[in-house]
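[1] sequence unknown, structure follows:
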DNA sequence: GTACAGATTGAG
DNA sequence: TCAATCTGTACT
């Protein structure tokens, strides 16, 4: 399954001259027309979700709750609306002591061995690095993603792309229920299509 | 046209 | 616990 293969890969973003990246540590699969929780349930196609029908490797990004972006990677064939929601990243800043964001100039994180004690400054607020990308809305904010990235091809883009990272062992991958889709009914809501890396501090929820 | 719910987050 | 506030859908 493509979904699990994304775990451990590096999502790389170019912001001007700066390049920031994060390891994908949490994903959710949405498998198209049959999936009641998918935006493309019943082959539904609207202006919002039409990027989902592109060939795998494109980006599908949309807004929820009027304020948060959700970053998805399309995984299906053309016309086959399947995608993977990226729920959490482990930012490279966690290992490097440095960070840059579109929201603020680069700031050095406080040196500390424990990730939970490292901070970066965003809009004059200190944010725990471990709180930076542990949620689908948060990671989009950190990477400065918005509607303009919709339908962008990850293989062609000069501002965002994927790189291979450390391979994640099967034993390290946990499967669980997807989040926030109770409206889809028990059958679909209970599908274990959320995958995350065991013991990773950046996963949004246990 | 109006009403409403949602793949969330952060403040109080 | 709740407000923020965009988008598509299902109504009138």
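    Perfect, thanks for sending it. None of these values were measured; they are calculated from a predicted model.
[2] for the spatially most central residue of chain A, which residues are in contact?
    When chain A is reduced to its mean C-alpha position, the closest residue under CA atoms, centre = their mean turns out to be residue A:86, at 2.5 Å. Applying CB atoms under 8 Å, 6 or more residues apart in numbering to residue A:86 gives the contacts A:6, A:11, A:24, A:26-27, A:71-73, A:136, A:139. Placement of C-beta: from N, CA and C, glycine included.
[3] ok, residue A:71 next?
    The contact partners of residue A:71, taken as CB under 8 Å, 6+ apart, are A:59, A:61, A:85-86, A:136, A:139-140, A:143, A:145, A:149.
[4] show me what it is bridged to.
    Bridge pairing for residue A:71 (DSSP bridges) gives the partners residue A:61.
[5] residue for residue, what is the longest strand chain A has?
    Determined from DSSP state E, the single longest strand within chain A is strand A:18-30.
[6] does DNA strand C sit close to that strand?
    No - if you take CB under 7 Å from any atom of the strand as the test, strand A:18-30 misses DNA strand C, and the best it gets is 14.8 Å.
[7] quick check: buried residues in that strand?
    Of the residues in strand A:18-30, those buried under the neighbour-count criterion (16 or more other CB atoms under 10 Å) are A:20-30.
[8] so is that strand next to DNA strand B?
    Yes - using CB under 7 Å from any atom of the strand, a contact is recorded between strand A:18-30 and DNA strand B, made by A:28, A:30.
[9] tell me which strands that strand pairs with, and in which orientation.
    With DSSP bridges as the test, strand A:18-30 is paired with strand A:10-15 (antiparallel), strand A:83-91 (antiparallel), strand A:194-197 (antiparallel).
[10] so what's the residue nearest to the centre of chain A bridging to?
    In this structure, residue A:86 has the following beta-bridge partners (DSSP bridges): residue A:27.
[11] quote the end-to-end distance of stretch A:165-179.
    26 Å (CA to CA, to the nearest Å).
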